[in-house]
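3D model of this:
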Amino acid sequence: MNSDAPDFTLVAGLSSSGKSTWLEAQAEGPMVIPFEFGNDLSNLPKGALVHYNTLRYADNEVAHLDRDFESDPFLTAVLERSGHFDVVYVAAPPAELRRRIRRRRTLERGTGVYPRKSVAGAQAALDHRAFHAAWLDLLDRHARRMRIVLSEASGFREVTREELLAAVQTSSDGDGALARLGRALGRLVGR
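As a prediction, the model looks like this:
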């Protein structure tokens, strides 16, 4: 094995951003989902591709979006390996995410029913540009290398940070209204 290879690659992004599809199409190596390993990375296979939902810290719930990203113990364990892992950050424009969420039925590997309402509500409440910028900043501080992939209906393409942030920018009219509606829905569902 290449001695310059990372211990693992974190494939990170929002739910339905295209992480699994990217992994199936592009990557080689064992795919791992965090719940399969708890918070102990010692048994993670060398070269593993770790499928990571960037709303995991909030349990995909609007009510928990104010938590710190690092409140997720699995992410804390990953960041403790600073400089020993690579990142592929996958993001999709908000309209594309909404389309995918509406169509999705199951979790990765068919492990359960996809929680469409909570995922849609949490994602609608996000300022996508600020959210992705914060994640890119955090991961860039710890990763050996980072690739940024934009996932669109037409496929995947590697982009710069600026291109990604422009692609996920929510407008103050359409997506802003949707975000307000999502927050209101989240408050109602949370009762």
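
What ranges in this protein fall below the confidence cut-off?
For the chain, applying pLDDT under 70 flags the ranges 1-3, 27, 108-111, 171-191.

so where do the strands sit in it?
For the chain, the strands defined by DSSP state E cover 8-13, 31-32, 48-53, 85-91, 146-152, 155-158.

So for R100, which of those strands sits nearest?
Closest of the strands of the chain to R100 is strand 146-152, at 9.0 Å (criterion: C-beta to C-beta). All C-beta atoms are positioned from the backbone trio N, CA, C, and that covers glycine.

can you give me the offset of the closest one from its chain's centre?
11 Å (C-alpha atoms, centre = their mean, to the nearest Å).

That one pairs with which strands, parallel or anti?
Strands that pair with strand 146-152, judged by DSSP bridges, come out as strand 85-91 (parallel), strand 155-158 (antiparallel).

Could you check the angle that strand makes with strand 8-13?
For strand 146-152 against strand 8-13, the angle by axes from the mean of the first three to the mean of the last three C-alpha atoms, to 10 degrees is 40 degrees.

H51 - nearest residue in space that isn't next to it in sequence?
Distances taken as C-beta to C-beta, 6 or more residues apart in numbering put I33 closest to H51, at 5.0 Å, once the chain neighbours are dropped.

A122 versus that neighbour, what's the distance?
Per C-beta to C-beta, to the nearest Å, I33 is found 19 Å from A122.

Same check on L164?
20 Å.

What of N60?
Distance, N60 to A122, using C-beta to C-beta: 5 Å.

And the two? Which one has more around it.
A122 (24 against 21; other C-beta atoms under 10 Å).

right, and the more buried one touches A58 too?
Yes. A122 is in contact with A58 according to C-beta atoms under 8 Å; the separation is 6.3 Å.

before we move on, the earlier item: count of neighbours near the residue nearest to H51?
15.

I am assuming it contacts A48, so please confirm or correct that.
No. If you go by C-beta under 8 Å, I33 and A48 don't touch, sitting 10.4 Å apart.

Overlap in contacts, these two.
By C-beta atoms under 8 Å, 6 or more residues apart in numbering, I33 and A48 have no common neighbours.

roughly how far is stretch 14-25 from the heart of the chain?
The answer for stretch 14-25 is 9 Å, by C-alpha atoms, centre = their mean.

That'll do, ta.
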